[in-house]
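K.L.:
A structural model of the following input is requested.
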Amino acid sequence: MKKIIAANWKMNHAFDEVDVWMDGFFKNYSAKYDELQKVEIVLCPPAFLLDYIDSELMDDSFDDLEEIMKRDHKKVEDFSAEELSAIMLEQRPIRLGGQDCHHELAGSFTGDISATMLKKVGCEYVIIGHCERRENHFESSEIVAKKVQAALSQSLTPIICVGESKEVRDESKHLEFVYKQIKDSIPQEANFTKLVIAYEPIWSIGTGKTPTVAEIAEMAKLLGKIFNEKLQNRAQEFFMLYGGSVTSQNAKEILAIDGVSGLLVGKASLDVEEFIKICL
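P.N.:
Reported below is the predicted structural model:
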């Protein structure tokens with residue numbers, strides 16, 4: 001099972017920066033193909049960049065499609081539209097993801113983006129319930145659960161974020177806090193191809209302060225227990241990502257922790273060279 005390394009650009013970068021980032025990524029991808037094939041890379045840029053990046057990835061996928069057609073002695077017309085779409089997505093070195101979606105699929109919601117829209121611009125993932133959304137936009141876990149349901153209805157894999165504040169941690173209530181967040185953020189009876197939970201302690205995000213190995217391991221053990229006891233019959237695969245001041249200096253140590261199956265990378269993902277080091 002590949003580990004998931006997701007890049008959350010937040011409200012950063014525009015077209016010029018994307019060109020530089022993508023050029024750097026493909027240069028490294030060609031040189032370090034075998035190593036980078038071992039992880040699933042997910043890029044979550046601002047929404048206005050999704051279609052642009054999707055087009056860049058599509059162009060690159062055409063070369064792979066041509067190789068497949070030569071190998072199988074087929075022409076484009078021999079494939080259905082669904083088959084072509086699946087092949088093109090499968091060949092991508094980067095999976096696209098949104099940073100949020102609305103809990104409704106359409107309607108009068110100025111400024112929002114729906115799971116349907118994300119799907120149409122090539123997204124396979126969407127971050128839901130990030131602490132910056134929970135705090136700055138007053139999103140409750142109940143709203144998060146509705147967004148998760150909307151994402152699942154469009155065959156998107158939600159990356160469900162949970163995490164405690166410094167105050168909760170200082171009171172040693174972090175385990176029960178995160179347990180309740182997960183319980184309330186996952187819609188009842190929902191089934192997942194991939195159940196992805198990102199643990200992001202609020203006190204670590206953007207501060208340079210990273211929990212100890214023991215603290216991350218404690219949370220990974222809790223999430224594994226919740227999955228095995230409550231959710232195992234509702235998901236084909238389970239991933240626990242860690243996020244919060246991830247860098248190339250601490251990534252390997254975190255990924256080596258039992259139960260951690262990926263990373264959600266914020267600031268460090270803006271620099272493609274740094275992000276590649278994290279992926280390796």
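
K.L.:
the strands in the stretch 101-250 of the chain, which residues?
P.N.:
123-128, 157-162, 192-199, 235-243 (DSSP state E, counting those that start in this stretch).

K.L.:
can you pull the buried residues of the first one?
P.N.:
Residues of strand 123-128 classed as buried by neighbour count (16 or more other Cβ atoms under 10 Å): 123-128. Glycine gets a C-beta too; all of them are placed from N, C-alpha and C.

K.L.:
make JSON lines out of the strands of the stretch 101-250 of the chain and add mean pLDDT.
P.N.:
As requested, the strands of the stretch 101-250 of the chain are exported to JSON lines (pLDDT from 0 to 100):
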{"stretch": "strand 123-128", "mean pLDDT": "98"}
{"stretch": "strand 157-162", "mean pLDDT": "98"}
{"stretch": "strand 192-199", "mean pLDDT": "97"}
{"stretch": "strand 235-243", "mean pLDDT": "97"}
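
K.L.:
looking at those strands, which is closest to residue 249?
P.N.:
Closest to residue 249 of the strands of the stretch 101-250 of the chain, according to Cβ to Cβ: strand 235-243, at 14.3 Å.

K.L.:
so for residue 212, which of the strands of the stretch 101-250 of the chain sits nearest?
P.N.:
Each of the strands of the stretch 101-250 of the chain has some distance to residue 212 by Cβ to Cβ; the shortest is strand 235-243, at 12.1 Å.

K.L.:
need the contact partners of that closest one.
P.N.:
1, 3-4, 6, 8, 159, 161, 163, 191-200, 205, 216, 220, 223-224, 227, 231-232, 254, 257, 259-266 (Cβ atoms under 8 Å, 6 or more residues apart in numbering).

K.L.:
next, the angle strand 192-199 makes with it.
P.N.:
20 degrees (axes from the mean of the first three to the mean of the last three Cα atoms, to 10 degrees).

K.L.:
quick check: the gap between the residue of the chain most remote from its centre and residue 87.
P.N.:
The centre of the chain is farthest from one residue, residue 73, which by Cα atoms, centre = their mean lies 35.6 Å away. Going from residue 73 to residue 87 by Cβ to Cβ, to the nearest Å gives 15 Å.

K.L.:
got the strands of the stretch 101-250 of the chain as TSV, with distance to residue 279 columns?
P.N.:
Shown next, in TSV, are the strands of the stretch 101-250 of the chain (distance: least, Cβ to Cβ, whole Å):
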stretch	distance to residue 279
strand 123-128	16
strand 157-162	17
strand 192-199	16
strand 235-243	13
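
K.L.:
show me the contacts for residue 226.
P.N.:
Here residue 226 is in contact with 179, 182 (Cβ under 8 Å, 6+ apart).
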